[in-house]
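Undergrad: sequence below, structure please.
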Amino acid sequence: MNAIDLSADLGLGAVFLATANICIGLLIAVRYSPVRYWPHRRINIFFLHNLTAYGVLGAVLLHPAILLFSHRVRFRVFDVLLPIHSPLQPIENTLGAVALYLLLSVLITSFYRIALGRKFWKLLHYLVYPAAVLLFIHGILADPNLKTGHADLLDGGKVFVEICFLIITLASGAAFLYRRKRSRSIVVPIPPTT
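TA: You can find the predicted model right below:
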């Protein structure tokens, strides 16, 4: 296994962890209780959400860093940090870098969420969604072998990324509809008029 293969595998790992993280986050958003519902056990889903978030961040940081050790395609540190002029696929790589920087901003602000205030930090936390979209676009369009610069959209890794993107899209839509339905079902009593 060479550096390019390892980087591609880390990218797929990041996609899997991002999918798990967003789905767990959606469970938190709809106030899912693993005690009341399946699996009827005490599971700290906040811990799982944080664990997968750190896993995503670690995989996303290592994914381009490994490319510095590639002998076939030469990447410089500048190409990894700001890939606008990277040797191959500068647009796709820039999308991935923007996703990384958005994830970093969410992680860093999460340490200061009490000082920032819940409402403001929650708005910042929504940056995860554009980061995920950019991560998936990067994952679908980038050539994992760094040969031609053109991705085979029916490659096994690409199909995996596409399925993960579909899962997140469907889960986000279901969570949105569930929260909307639940907010409509809450009846606020109207005080009697005299």
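Undergrad: tell me, which helix in the protein spans the most residues?
TA: Of all segments of type helix in the chain, defined using DSSP state H, the longest is helix 156-185.
Undergrad: quick one: mean pLDDT for that one?
TA: Mean pLDDT, computed over helix 156-185, is 92.
Undergrad: which of the residues in that helix are buried?
TA: 157-158, 161-162, 164-165, 168, 171-172, 175 (16 or more other C-beta atoms under 10 Å). In short, each C-beta sits where N, CA and C put it, glycine included.
Undergrad: could I get those as JSON lines with distance to L10?
TA: What follows is those, written out as JSON lines (distance: C-beta to C-beta, whole Å):
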{"residue": "G157", "distance to L10": "12"}
{"residue": "K158", "distance to L10": "16"}
{"residue": "V161", "distance to L10": "13"}
{"residue": "E162", "distance to L10": "18"}
{"residue": "C164", "distance to L10": "15"}
{"residue": "F165", "distance to L10": "18"}
{"residue": "I168", "distance to L10": "19"}
{"residue": "A171", "distance to L10": "24"}
{"residue": "S172", "distance to L10": "25"}
{"residue": "A175", "distance to L10": "28"}
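Undergrad: which one of the residues you listed is nearest to L81?
TA: V161 (23.6 Å; C-beta to C-beta).
Undergrad: so which residues of this structure form strands?
TA: Read by DSSP state E, the chain holds no strands at all.
Undergrad: sorry, back to before: closest one to A53 out of the buried residues of helix 156-185, please.
TA: I168 (14.5 Å).
Undergrad: the closest residue to that closest one other than its chain neighbours: neighbouring residues, count only.
TA: Among residues not flanking I168 along the chain, I22 sits closest, at 5.2 Å (C-beta to C-beta, 6 or more residues apart in numbering). Applying other C-beta atoms under 10 Å, we find 24 residues neighbouring I22.
Undergrad: pLDDT score assigned to I22?
TA: Note on I22: pLDDT of 95.
Undergrad: likewise for the one 5 residues further on?
TA: Per-residue confidence at L27 stands at 95 (pLDDT).
Undergrad: just give the number of residues close to the closest residue to it other than its chain neighbours.
TA: Excluding the flanking residues, the one nearest L27 by C-beta to C-beta, 6+ apart is I45, at 5.9 Å. By the measure other C-beta under 10 Å, the count of residues near I45 is 14.
Undergrad: give me the number of residues near the closest residue to E92 other than its chain neighbours?
TA: Distances taken as C-beta to C-beta, 6+ apart put A142 closest to E92, at 4.3 Å, once the chain neighbours are dropped. A142 is flanked by 23 other residues according to other C-beta under 10 Å.
Undergrad: helices of the chain, residue ranges please.
TA: 3-29, 45-65, 77-81, 90-110, 113-116, 118-125, 128-141, 156-185.
Undergrad: among these, which is nearest P39?
TA: helix 45-65 (11.4 Å).
Undergrad: just how off-centre is the closest one within its chain?
TA: 9 Å (C-alpha atoms, centre = their mean, to the nearest Å).
Undergrad: right, I'll leave it there.
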